[in-house]
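Student: Structure, please.
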Amino acid sequence: MNKNKAIAFGLTASTLCSFGLLINAAPVLAHHPNGGSTPSNLIEGFMSGLGHPVIGIDHLVFVIAIGLLAALSKKMGMIIPTAFVIATAIGTGIHLQSVDLPAPEFLISASVLVMGIFLAQKNQANLILLAAVASLAGIFHGYAYGESIVGAESTALVAYLLGFCSIQFGISAIAFYLGQKIVNQPNKTSLVLRFAGFTISGIGFAFLSGLILG
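Tutor: Numbering: from 1, shown residues only. Down below sits the predicted model:
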């Protein structure tokens, strides 16, 4: 088995493992870092903000996906995660204004699937299109983040926003850096990043299936 086939086999296996883990991981959808309690001070707010995008696997995988997609667009690609992060803050604000958005969990899972499909494609999608999709998805991801901070005082709220914006940008920047390393190795770019896309879209599909099937 040559190196490329070994990589392909490993990534395929990881996709199958992801399906199995996610189908049996219903509690993950709650993902509240403080166990459901509202942060009451700056430290709790910041730590909750840091934890929410990481504990929520759907959020985490999406952030990784946009970082990898950004790597395909070179330096300008960081527009994608930047647009997403700003949109998540807006989405949280929408939630705090008691505005109801339709089916947020469904659309969050769908966004993971869509970004995985974009990454799995042989031809790269338009940068503006990706930034627009990331922004729209960010509204719903941020709306979900807002659930954990409803009723908090202003200091905890600001710290929470700073926490989840920082961790999302940091994770996407790491994914961007690793993606750039892959992009700089032409023989591996198509295989590794496309299989990463297949894995991410598989995770999104698993979440969607869980929501639809109950």
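Student: Look up the closest residue to Leu208, ignoring the ones flanking it.
Tutor: Spatially, and ignoring its direct neighbours in sequence, Leu208 is nearest to Ser109 (4.5 Å; CB to CB, 6 or more residues apart in numbering). All C-beta atoms are positioned from the backbone trio N, CA, C, and that covers glycine.
Student: right, and the helix or strand after the helix or strand containing that neighbour?
Tutor: Per DSSP states H and E, Ser109 falls inside helix 104-120. Sequence order places helix 127-146 as the next helix or strand after helix 104-120, per DSSP H and E.
Student: Using CSV, list the CA coordinates for that following helix.
Tutor: The C-alpha coordinates for helix 127-146 follow below in CSV (Å, rounded to 0.1, in the frame of the first residue of the first chain):
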residue,chain,number,x,y,z
LEU,A,127,-14.0,33.2,-1.7
ILE,A,128,-16.9,35.7,-1.5
LEU,A,129,-19.5,32.8,-1.6
LEU,A,130,-17.6,31.0,1.2
ALA,A,131,-17.5,34.1,3.3
ALA,A,132,-21.2,34.8,2.8
VAL,A,133,-22.1,31.2,3.7
ALA,A,134,-19.8,31.4,6.8
SER,A,135,-21.4,34.7,7.8
LEU,A,136,-24.9,33.2,7.5
ALA,A,137,-23.9,30.1,9.5
GLY,A,138,-22.2,32.3,12.1
ILE,A,139,-25.6,34.0,12.9
PHE,A,140,-27.0,30.6,13.9
HIS,A,141,-23.9,29.3,15.7
GLY,A,142,-23.8,32.6,17.6
TYR,A,143,-27.5,32.3,18.3
ALA,A,144,-26.9,28.9,19.9
TYR,A,145,-24.0,30.4,22.0
GLY,A,146,-26.4,33.0,23.3
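Student: Report the residue spans of this structure with pLDDT below the cut-off.
Tutor: 1-36, 186-190 (pLDDT under 70).
Student: For Ile80, give me its contacts.
Tutor: Contact analysis of Ile80 by CB atoms under 8 Å, 6 or more residues apart in numbering lists Ile66, Leu69, Ala70, Ser73, Leu127, Leu130, Ala131, Ala134.
Student: need the longest helix for this structure.
Tutor: In the chain, taking DSSP state H as the definition, the longest helix is helix 154-183.
Student: Okay, buried residues for it please.
Tutor: By neighbour count on 16 or more other CB atoms under 10 Å, the buried set for helix 154-183 is 155-157, 159-165, 167-169, 171-172, 175-176, 178-180, 182-183.
Student: which strands and helices sit next to it?
Tutor: In this structure, helix 154-183 makes packing contacts with helix 42-55, helix 57-72, helix 79-96, helix 186-213, judged by 3 or more CB pairs under 8 Å, 6 or more residues apart in numbering; DSSP states H and E.
Student: Out of the ones you listed, which one sits most buried?
Tutor: The highest average neighbour count among the helices and strands packed on helix 154-183, using mean count of other CB atoms under 10 Å, belongs to helix 57-72 at a mean of 26.
Student: How far off centre is that one?
Tutor: Mean C-alpha position of helix 57-72 versus that of the full chain (CA atoms, centre = their mean, to the nearest Å) differs by 5 Å.
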